[in-house]
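S.K.: have a look at this prediction, sequence included:
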Amino acid sequence: MIVVFYILLLFMLIAAIIAVETKNLLSAVICVGAIGFGGSLIFLFLRAPDIAITQIVVEVLGLIILIRATIARDLTSISGDREFFGTVVSIVIIFLIFMAGFKVLDSLHDFGTPVYAKTEKAASQTYIEKGLEDTGATNIVSSIILDYRAYDTLGEATVLFTAVIGATVLLRKKSRKSPEVLE
Amino acid sequence: MKGMSVIVKTISSWVKVLIILFGIYIVLFGHLTPGGGFAGGVVLASSYVLLMLAFGREFVLKNLPLSLDSKLDCVGGILFIAIAILGVVFGGVFFKNCFIEYGQKFNLISAGTIPLSNIVIGLKVGASLYLVIFLLSAFRRDDSDEQSVFRSPEEIHDRAMKDEKESN
Amino acid sequence: MPYAICFLLFMVGLYCAVVKKNMVKIVIGIMVMEYAVNLFLIMLGYRFGGVAPILSRSDVNNETGQIMQSFIDNSVDPLPQALVLTSIVISLGSLALLISICVRIYEKYGTFDITEIRRLKG
């Protein structure tokens, strides 16, 4: 069973590399879809059905948005990177972050043993033990996001609202003519 | 843009009912089974996106005007805060889960305000995502109406010829 | 080992966002980074042979209403799942915002190439 998990992870990694390196933008967008659906299967494997449902639906809408942006536009394939010096500096910095990250990976717990299992009176332990009693919801994730940590959801609603207002302002029709044209 | 072919229109007019039903199920049973307001709201938005892709924008605008849609978005946000204030009124604490004693566990009517919050969040997420996708798609249509600064005369001519062909 | 692959996925996204000069490619890089972070948070809570944090009737003692010890010992961590659930929907909203910025810039300058948008400098 764990083999399937590794195959899916490698599938996501390869799809990401293809999405980054391909010349055609439409192929890159489709590879992003492959990453998202692979991720949804992995969430199912990791016993997170809530996330799997949300991810698979969000992926469909995200693909529609991305294809809307790329389809029927000229110059969709721009090859090449930025200037040479900037690219070299960026790659060096990325390599440094990479090395630092691999140092951090050693200090993590092993895969398959969550942190809260070894800690006394961890928050997650309380949620699992008392969730049904306190909130009455059998889906513990739902009881966390709407009861224990409802402020989180309120902030999420605010962020989503702000993002939608920003997109609406950017896409409105009135501002399409610049002031010189109006005069 | 009059939408796609007859096959797509027929199939999507059957499938839209199932999609909306599935979205409502996910929203309502979010406190018992996997799902919840977020996933259900996105499913509801995707049903309208399917209609928009299959039947064209005018059809969807007749069903759900953008003014109504943005009002639904705002109402969702306000009702979520209203549920939180309900907690202040009945329990004394902001976001207090009141009415928890109604209903039995493992039943649809249980868990106090959690199903209400699920419905409100589903409304809000669905309305706002549909609004964004509609605006993104409507923006491209206007693109061909005005002459861009960077477009050469030949391109404008080609585009006009193509429009004429499509209208015939 | 799974953490390392997840970190590599993040680095691929970072490379794409920093080095590429196509605007949509940069958005794609940001999306890949989001996937990697979500995946990492969910992986932190996984437990071998675990069950999903959703109670069924057999997990609850009928007389006392207590939750069975087997469920408490086997359930995966629900907290990262709750955090990631909000993060996924927010990522869709921010994706719409980013794409609308890209479409706006394309309409103004006629290209997705960020090195050709010099007039942004003023």
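M.R.: Right, received. Where do you want to start? Numbering: from 1, shown residues only, chains lettered A, B, ... in the order given.

S.K.: mind checking the longest helix of chain B?
M.R.: Counting residues, the longest helix in chain B under DSSP state H turns out to be helix B:114-143.

S.K.: okay, buried residues for it please.
M.R.: B:114-137, B:139 (16 or more other C-beta atoms under 10 Å in any protein chain shown). Where you see a C-beta, it was placed from the backbone N, CA and C, and this is true even at glycine.

S.K.: where does pLDDT dip in chain C?
M.R.: Counting by pLDDT under 70, chain C has low-confidence residues at C:65, C:118-122.

S.K.: OK, now which residue of it is nearest to chain B?
M.R.: C:G110 (3.6 Å; C-beta to the nearest C-beta).

S.K.: measure that residue to C:E116 for me?
M.R.: Distance of C:G110 to C:E116, given as C-beta to C-beta, to the nearest Å: 9 Å.

S.K.: quick one: which of these two has more around it?
M.R.: Between C:G110 and C:E116, counted using other C-beta atoms under 10 Å in any protein chain shown, the more crowded position is C:G110 (17 against 13).

S.K.: phi first, then psi, for the more buried one.
M.R.: Main-chain torsions, C:G110, degrees, to the nearest 10: phi 80, psi 20.

S.K.: for C:I54, same thing?
M.R.: Torsion angles, degrees, to the nearest 10, at C:I54: phi -130, psi 120.

S.K.: before we move on, what about B:N107?
M.R.: phi -110, psi 170.

S.K.: the helix or strand harbouring A:V29 and chain C in contact?
M.R.: Following DSSP states H and E, one finds A:V29 within helix A:25-45. Yes. Residues of helix A:25-45 contacting chain C under C-beta under 8 Å from any C-beta of the partner chain: A:25, A:28-29, A:32, A:35-36, A:39, A:42-43.

S.K.: what sits against C:I90?
M.R.: By C-beta atoms under 8 Å, 6 or more residues apart in numbering or on different chains, the residues touching C:I90 are A:156, A:159-160, A:163.

S.K.: same question, C:V89
M.R.: Applying C-beta under 8 Å, 6+ apart to C:V89 gives the contacts A:54, A:58, A:156, A:160, B:38, B:42, B:125.

S.K.: quick revisit: which helix or strand lies directly C-terminal to the helix holding A:V29?
M.R.: Past helix A:25-45, the next helix or strand by DSSP H and E is helix A:49-70.

S.K.: tell me the buried residues in that next one?
M.R.: Buried residues in helix A:49-70 (16+ other C-beta under 10 Å): A:49-66, A:68-70.

S.K.: which helices and strands sit right next to that helix?
M.R.: Applying 3 or more C-beta pairs under 8 Å, 6 or more residues apart in numbering or on different chains; DSSP states H and E, one finds that helix A:49-70 makes contact with helix A:25-45, helix B:37-55, helix B:114-143, helix C:23-44, helix C:78-109.

S.K.: what's the separation between A:L160 and A:I71?
M.R.: Separation of A:L160 from A:I71 (C-beta to C-beta): 26 Å.

S.K.: out of the helices and strands packed on helix A:49-70, the one nearest A:V4 is which?
M.R.: helix A:25-45 (7.0 Å; C-beta to C-beta).

S.K.: neighbouring contacts of that closest one?
M.R.: The contact list for helix A:25-45 (C-beta under 8 Å, 6+ apart) reads A:1, A:4-5, A:8-9, A:11-12, A:15-16, A:18-20, A:22, A:49, A:51-52, A:55-56, A:58-59, A:62-63, A:66-67, A:70-71, A:76-77, C:22, C:24-25, C:28, C:31-32, C:35, C:38-39, C:42.

S.K.: go on, stretch A:97-115?
M.R.: Contact partners of stretch A:97-115, identified using C-beta under 8 Å, 6+ apart, comprise A:118, A:122, A:124, C:1-4, C:7, C:11, C:14, C:43-48, C:76-77.

S.K.: do the same with stretch B:99-107
M.R.: A:132, A:135-136, A:138, B:32, B:90, B:109-113, C:57, C:60, C:65.
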